[in-house]
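1. show me the folded form of this:
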Amino acid sequence: EINEKYPQVSYLYDLGYVSEGIDTALDALMEKKYDKVKSAIVKTDIIRKEKSSMQKNYKKFPKSLDFLFFSKEYLSGMKDEIDLSMAKELYLYLIYQLNYDFVIIDVPSDLTNIATIDGIIFSNKVFTVITQDVSSIGYSIFNLNELEKKDIEIKKKNYFIVNRHIDSNFKDSDIKRWIECSDLITVGDYSREFIDANLEGIPAILNSKDSNLSEDINKIKNNILKK
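-> This next block holds a predicted model:
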């Protein structure tokens with residue numbers, strides 16, 4: 001999770017108090033100390049065995065799901081700013097050296113952030129999350145056009161996810177015509193489901209009994225797996 005300010009996943013699942021993280025992994029790559037990259041990764045198969053008030057939840061996580069966050073020292077401002085120019089090397093190292101099948105990168109929508117730019121350039125697929133709010137769509141289109149002006153190809157591998165989707169006068173056909181795409185991935189408004197899951201400290205998909213949520217998440221999953 002490339003969020004230097006308010007990372008959500010690490011907080012919700014009580015995984016954020018790590019002394020090593022993205023910052024130490026980037027430093028390790030720069031210094032060619034590759035073993036330190038591994039030690040910065042939060043591995044589910046390990047945390048499932050540790051004594052923790054969250055252990056019951058961790059046991060519900062897939063064993064092969066690992067996480068990488070900024071360290072607690074970096075997030076608290078105790079460490080100097082890091083060189084994000086090594087982000088590309090980190091992404092490629094996870095894929096080609098540590099042999100992860102998938103690396104899902106949550107990046108801020110900040111076109112001045114080199115980790116975001118490299119994530120877009122080196123990803124096979126990009127998922128842009130928008131809402132039915134016209135400003136959300138407008139800014140997303142502006143950002144995509146700015147990237148294209150810089151010769152960063154994104155439109156052919158970009159998928160739009162319309163979050164908190166509801167039936168309204170702003171029809172899907174209107175959105176498709178505006179953003180010039182033939183398909184949208186829609187996720188309904190499951191605010192209550194996510195609030196309840198966040199309170200429990202577990203991903204909503206593992207906590208919800210709403211079959212509609214499962215279907216919507218599966219739409220995203222199938223697009224990730226689709227060749």
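
2. for this protein, what's the longest strand?
-> In the chain, assigned by DSSP state E, the strand with the most residues is strand 158-165.

3. and it, which strands flank it?
-> According to DSSP bridges, strand 158-165 forms sheet pairs with strand 126-130 (parallel), strand 185-188 (parallel).

4. quick one: closest of those to residue 22.
-> For the strands paired with strand 158-165, the distance to residue 22 is smallest for strand 126-130, at 19.7 Å, taking CB to CB. Quick note: C-beta positions are derived from backbone N, CA and C, even for glycine.

5. check the offset of the closest one from the chain's centre.
-> Chain-centre distance of strand 126-130: 10 Å, with CA atoms, centre = their mean, to the nearest Å.

6. so for the helix or strand following that strand, mean pLDDT?
-> As assigned by DSSP states H and E, the chain's next helix or strand after strand 126-130 is helix 134-149. The pLDDT scores in helix 134-149 average 95.

7. run through who's touching helix 134-149.
-> The contact list for helix 134-149 (CB atoms under 8 Å, 6 or more residues apart in numbering) reads 109, 111, 120, 128, 130-131, 154-155, 158, 160, 170, 175, 178-179.

8. in ChimeraX, how would I select the buried members of those?
-> Buried subset of these, written as a ChimeraX selection, criterion 16 or more other CB atoms under 10 Å:
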select :120,128,130,131,154,158,160,175,179
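
9. which two in the contacts of helix 134-149 are spaced the farthest apart?
-> The largest separation in the contacts of helix 134-149, counting by CB to CB, is between 120 and 170 at 26.9 Å.
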